[in-house]
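>>> A predicted structure for the sequence below; I have some questions about it.
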Amino acid sequence: MKRLLYMVFICGLLTACTSDDMEELLFDRVSSIQIAMQRSGIGSLAPGLPSEVAIATYPFEYDALGRVVKVGYKTFYYGSDGKVAYSKEGEINPSDNYYFERLSYHWDGQGRLKEVYVDSLYQRYQHHDHQPVSNEFAYQESKLKDELLATFSYEGDNRRPSTIKYRKMNRALPSLIVTLGEEEEIHYIYENENVVSVQRDGYLKQNEVGLGGPVGLIPYKMEMAYTYLSNPHHLARIYTQLGFHPYKLTEVVSVNCIARSQVSIEIEGGEDIGDRWTRPEGVDTHWTDLYTGSEEPFLSFGKSNYSYRFNTLELPTEIVVEGDGTMQRTLISYE
């Protein structure tokens, strides 16, 4: 009888250990992130436009050392120093469109990301038109080579950048041809390892801000402030391992989850629209599976609140961000 009880005790102990190991295996490492973004369309930047929804999904793959090797269509390749040396991204679809991109990553003496270059980018885009066209004009092509994409600056021994200068890789619809935009700049201020304040100096297309007139670029300044929960951010470990955000190169990942944010923007030639965006009365915000091809989040101004669902390791599995006229829902799954 004593022997039987001892065996039951040992089995129970092994089961508990196995359960703990499985929990770590199943819940600790991000396997996929899906982001649904919606803007009501009746707001300060796009008055009178219908609701817009975008769905972006990022599956993650890892190597035997636990390093991220693939996010979405982008594959990362590591050098002998253990840092990402370059990445490749390629896509071929049934309409005979091609997109191939290679970026190289350069590091400083402390192992911090210093520069990112577009080593090469080749794109062939089939031009669709209701009028018949000759083969000579049936395709548009884009070729970029040895272009500086982003630079990162640091204060002291900090591992997170204080300033990022970058050029957007734009797709100007209805064309899908990628071009590099004007240089923009982001400044980060930290409290410990959390971003508490951000200032972004960039450009918006004139038609995006509803100012009318000819199409062109409008300079703007955006300021963002954040407060935090005690829970760990789902990308914090990946950011530390990679040395940069896995799919938004110019975004810094804080150690903890954001609780609230406040955003204001000043546009040259326009008024301060920081608190003007309000959801129209009677407008129903809902989620759909419509994909617009956009990987950039819609800009939300004023105050935004974050609500979460967490797993047993206190990591977020669902994040809903609600601001005036905008909603963003992020679903995170773990291995």
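Structure's in. What do you need? Residues are numbered from 1 along each chain as shown.
>>> all helices of this structure, in order?
Assigned by DSSP state H, the chain shows helices spanning 2-27, 236-242.
>>> looking at those helices, which has the lowest confidence?
When these are compared on average pLDDT, helix 2-27 comes out lowest at a mean of 43.
>>> start to end distance for stretch 156-170?
The first residue of stretch 156-170 is 33 Å away from its last residue (CA to CA, to the nearest Å).
>>> average pLDDT across it?
Across stretch 156-170, pLDDT averages out at 95.
>>> do the same with stretch 99-110
96.
>>> buried residues in that stretch, which are they?
Residues of stretch 99-110 classed as buried: 99, 101, 102, 103, 104, 105, 107 (neighbour count, 16 or more other CB atoms under 10 Å). Every residue, glycine included, has its C-beta placed from N, CA and C.
>>> which one of these is nearest to residue 233?
Set against residue 233, the nearest of the buried residues of stretch 99-110 by CB to CB is residue 105 (21.9 Å).
>>> count of residues packed around the residue nearest to that closest one when sequence neighbours are not counted?
Nearest residue to residue 105, sequence neighbours excluded (CB to CB, 6 or more residues apart in numbering): residue 84, at 4.8 Å. Residue 84 has 23 neighbours, counted by other CB atoms under 10 Å.
>>> I'd like the distance between residue 84 and residue 310.
Counting by CB to CB, to the nearest Å, the separation of residue 84 from residue 310 is 30 Å.
>>> what is the neighbour count of residue 157?
By other CB under 10 Å, 7 other residues sit near residue 157.
>>> my guess is it contacts residue 108. True?
No. Counting by CB atoms under 8 Å, residue 157 stays clear of residue 108, with 11.3 Å between them.
>>> next up, the contacts around residue 240.
By CB atoms under 8 Å, 6 or more residues apart in numbering, residue 240 lies in contact with residue 159.
>>> circling back to that earlier point, among the buried residues of stretch 99-110, name the ones in strands.
Those of the buried residues of stretch 99-110 mapping onto strands are 99, 101, 102, 103, 104, 105, 107, per DSSP state E.
>>> low-confidence ranges in the protein?
Residues of the chain that meet the criterion pLDDT under 70 lie in 1-27, 39-53, 92-96, 127-139, 172-175, 205-216, 269-301.
>>> I figured residue 83 hits residue 243, correct?
Yes. Using CB under 8 Å, residue 83 is in contact with residue 243, at 6.6 Å.
>>> find the residues that touch each one of these two.
Residues within reach of residue 83 and of residue 243 at once, by CB under 8 Å, 6+ apart, are 105, 107, 111.
>>> what is the second one paired to in the beta sheet?
When assigned by DSSP bridges, residue 107 has beta-bridge partners residue 113.
>>> state the distance from it to residue 143.
Distance of residue 107 to residue 143, given as CB to CB: 27 Å.
>>> between the two ends of stretch 74-88, what distance do you get?
6 Å.
>>> so which bits of it are buried?
Applying a neighbour-count criterion of 16+ other CB under 10 Å, one finds 74, 76, 78, 84, 86, 87, 88 buried in stretch 74-88.
>>> among the residues you listed, which one lies nearest to residue 323?
residue 74 (28.8 Å).
>>> quickly note the distance from the closest one to residue 110.
In this view, residue 74 and residue 110 are 25 Å apart by CB to CB.
>>> and residue 250, by the same measure?
Distance of residue 250 to residue 110, given as CB to CB: 20 Å.
>>> now swap in residue 63 and tell me
Remark: distance between residue 63 and residue 110 (CB to CB) = 24 Å.
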